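> any chance you can model this:
(2 chains)
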Amino acid sequence: MTQDSTETTRRLHALVVEDSPPMRKMIVFALSRIKGLVVAEADDGVDALRRLAGTKYDLIITDINMPILDGLKLVKRLRADESYMHVPIIIITTEGAAEDRQRALALGANAYITKPIQAPQVIKLVKETLGIVDEPR
Amino acid sequence: MRVQDTGQGEEPSPPEASLQDFFGRGETFVRQLIAENERLRGELHAAYPGRDDLPEANSASLIEGLVVRIAELEREAAAAGSGPEPSSHFVPADASASVLAQRVEQLEHENYHLASMYVAGLQFHSARTLGEVLQTITEILLNFVGIGAFTVFMLDEERQALFPLAREGGDIDACGEVPVHPEGNSQVAMGPVAAMIQRARPWTRGDPAYADDNAIMYLPLVSNRRLVAVLRLEAFLAQKPGFDDNDFSLLSMISEHAGIAIETAWIRAHAKAVALQRQAVEHLVSA
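You can find the predicted model right below:
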């Protein structure tokens, strides 16, 4: 899917799943720099499943360490769900070990970023993932 | 607010339009920050009338600082992105676009950093209990600074000792109390902590790391010259190579705002609930 950021035929929707309020605010802030992207928030995996049942999202960004239902379990659940089988999932986590990354990717995550995040890195990855093309300068 | 005024009512070119939009959104965000800051300051002063250790209710200096910073960023962006009239110099389009893209990325960094400072400050000032303050410290250190292991020591002022209250990335039972000798006592058991107490102000860049062991640094948490706690930063997250410039600003902010938040939570925990009364309020104002 390729989409011009200024001429959106349909707005793209992203869900940020993160239990830390300040971190969630910062991810949402970084994503707010992307034109045409509508961002929703969920406190944890269970809250995410509730929101995903009601709205169709084009991208899911999730933390790993969360209470009740963690990010890896969420990825597993979504990959088993027909509606979200192919929706891109980006992990943003403090877990920097190679085996954590491999495990997340093996479960079906599309990308893995470690905290602290760099906003331009996140913006670039999300644009690439959603096929958002900047206007030529 | 505009990056560049064409002065002829022309439609801005794509890069100009993009920058205008960028700064337009930045301006809106800054206005929101200022409004929220005003509200919080007002709340603090309403909650603790007569206290002289609160941040000033008037945020003129903050606004002035932000406005100056926005103006600087605009000038930098204009210099990098627009510059003189296109016809007056020959810059390959690719090179110009690349410089602009780099500058925009740099501004995104800057913008994100300012936002992280705001969010961290907001979290500390909205924390009502010691538990919430500790949670905020943990989230800011882990997620924003990239510190994977640390211990929060609180000061027991009566016993003049620092005691471990919370620990991330290690066993709290492995931490013992640290005695602190009051000023004037020649027996100084812990040099760095004694130095912090003597200095009696929040940590700023250029101050010592205070660590005389294998810790990265000891960060004093201070409220109005009163040391209330000390953060022992023990290890970075595996993927974090070390501090960068933005981290120092965050540490400085934690040193001050977490200290205030701890003291405020302490006062709140011991305050008697009293209904607001016109007479009493007016008496406080006139005093």
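> give the buried residues for stretch B:234-241.
Neighbour counts over stretch B:234-241 (16 or more other C-beta atoms under 10 Å in any protein chain shown) mark B:234, B:235, B:236, B:237, B:239, B:240 as buried. To be clear about C-beta, it is placed using only N, CA and C from the backbone, and glycine gets the same treatment.
> same question for stretch B:217-236.
Here stretch B:217-236 shows B:217-224, B:227-236 as buried, counting by 16+ other C-beta under 10 Å.
> and chain A, which of the buried residues of stretch B:234-241 reach it?
Among those, proximity to chain A is found for B:237, B:239, B:240 (C-beta under 8 Å from any C-beta of the partner chain).
> and chain A, which of its residues are near chain B?
Near chain B, when you scan chain A using C-beta under 8 Å from any C-beta, you find A:20-23, A:25-26, A:29-30, A:32-33, A:94, A:96-97, A:114-116, A:118-120, A:123, A:135-137.
> closest to the centroid, which residue in chain A?
Nearest residue to the geometric centre of chain A (C-alpha atoms, centre = their mean): residue A:61, 1.7 Å.
> does it count as helix, strand or coil?
Three-state assignment for residue A:61 (DSSP: H, G, I helix; E, B strand; the rest coil): strand.
> list the contacts for it?
A:14, A:15, A:16, A:17, A:18, A:27, A:31, A:89, A:90, A:91, A:92, A:126 (C-beta atoms under 8 Å, 6 or more residues apart in numbering or on different chains).
> so which of those residues is the most crowded?
Among these, residue A:17 has the most neighbours (other C-beta atoms under 10 Å in any protein chain shown), with 30 neighbours.
> identify the bridge partners of that one.
residue A:42, residue A:62 (DSSP bridges).
> ok, for residue B:251, nearest residue in space, not its chain neighbours?
Using C-beta to C-beta, 6 or more residues apart in numbering or on different chains and skipping the chain neighbours, the partner closest in space to residue B:251 is residue B:219 (6.0 Å).
> ok, now residue B:281?
Looking at residue B:281 with C-beta to C-beta, 6+ apart, the closest residue is residue B:49, at 7.2 Å.
> are we agreed that that neighbour is in a helix?
No - counting by three-state DSSP, residue B:49 is not part of a helix but coil.
> show me which residues of the stretch 1-150 of chain B sit near chain A.
Going by C-beta under 8 Å from any C-beta, the residues of the stretch 1-150 of chain B near chain A are B:14-15, B:18, B:25, B:96-97, B:100-101, B:105, B:108-109, B:111-112, B:115-116, B:119-120, B:123, B:136, B:139-140, B:142-146, B:148.
> out of those, which end up buried?
B:15, B:18, B:96, B:100-101, B:105, B:108, B:111-112, B:115-116, B:119-120, B:123, B:136, B:139-140, B:142-146, B:148.
> helix or strand for residue B:107, just tell me which one.
helix B:93-126 (DSSP states H and E).
> and the next helix or strand past that helix?
helix B:130-139.
> contacts for that following helix next, please.
By C-beta under 8 Å, 6+ apart, the list of residues contacting helix B:130-139 reads A:20-23, B:120, B:123-124, B:127, B:152, B:165-166, B:168, B:231, B:254, B:258, B:261-262, B:265-266, B:269.
> now intersect these with the helices, please.
Those of those mapping onto helices are A:21-23, B:120, B:123-124, B:254, B:258, B:261-262, B:265-266, B:269, per DSSP state H.
> tell me where the model's unsure across chain A.
Within chain A, the stretches with pLDDT under 70 are A:1-9, A:135-137.
> quick one: the helices in it?
A:21-31, A:45-54, A:71-79, A:98-107, A:119-130.
> to residue B:285, which of those lies closest?
Evaluated over these, closeness to residue B:285 peaks at helix A:21-31, with 34.5 Å, by C-beta to C-beta.
> from the rest of the structure, what touches that closest one?
A:14, A:16, A:18, A:37, A:39, A:41, A:61, A:63, A:92, A:115, A:117, A:119, A:122-123, A:126, B:112, B:115-116, B:119-120, B:123, B:136, B:139-140, B:143-144.
> chain center to that helix, what's the gap?
Counting by C-alpha atoms, centre = their mean, to the nearest Å, helix A:21-31 is centred 12 Å from the centre of its parent chain.
> with only the CA atoms kept, save it in PDB.
In PDB, the C-alpha atoms belonging to helix A:21-31 read as follows (Å, rounded to 0.1, in the frame of the first residue of the first chain):
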ATOM      1  CA  PRO A  21       1.500   6.800  30.900                       C
ATOM      2  CA  PRO A  22       4.600   9.100  30.200                       C
ATOM      3  CA  MET A  23       6.000   6.600  27.700                       C
ATOM      4  CA  ARG A  24       2.600   6.300  26.000                       C
ATOM      5  CA  LYS A  25       2.300  10.100  25.700                       C
ATOM      6  CA  MET A  26       5.800  10.200  24.100                       C
ATOM      7  CA  ILE A  27       5.000   7.600  21.500                       C
ATOM      8  CA  VAL A  28       1.700   9.300  20.700                       C
ATOM      9  CA  PHE A  29       3.600  12.600  20.500                       C
ATOM     10  CA  ALA A  30       6.100  11.100  18.000                       C
ATOM     11  CA  LEU A  31       3.300   9.600  15.900                       C
END
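> right, I'll leave it there.
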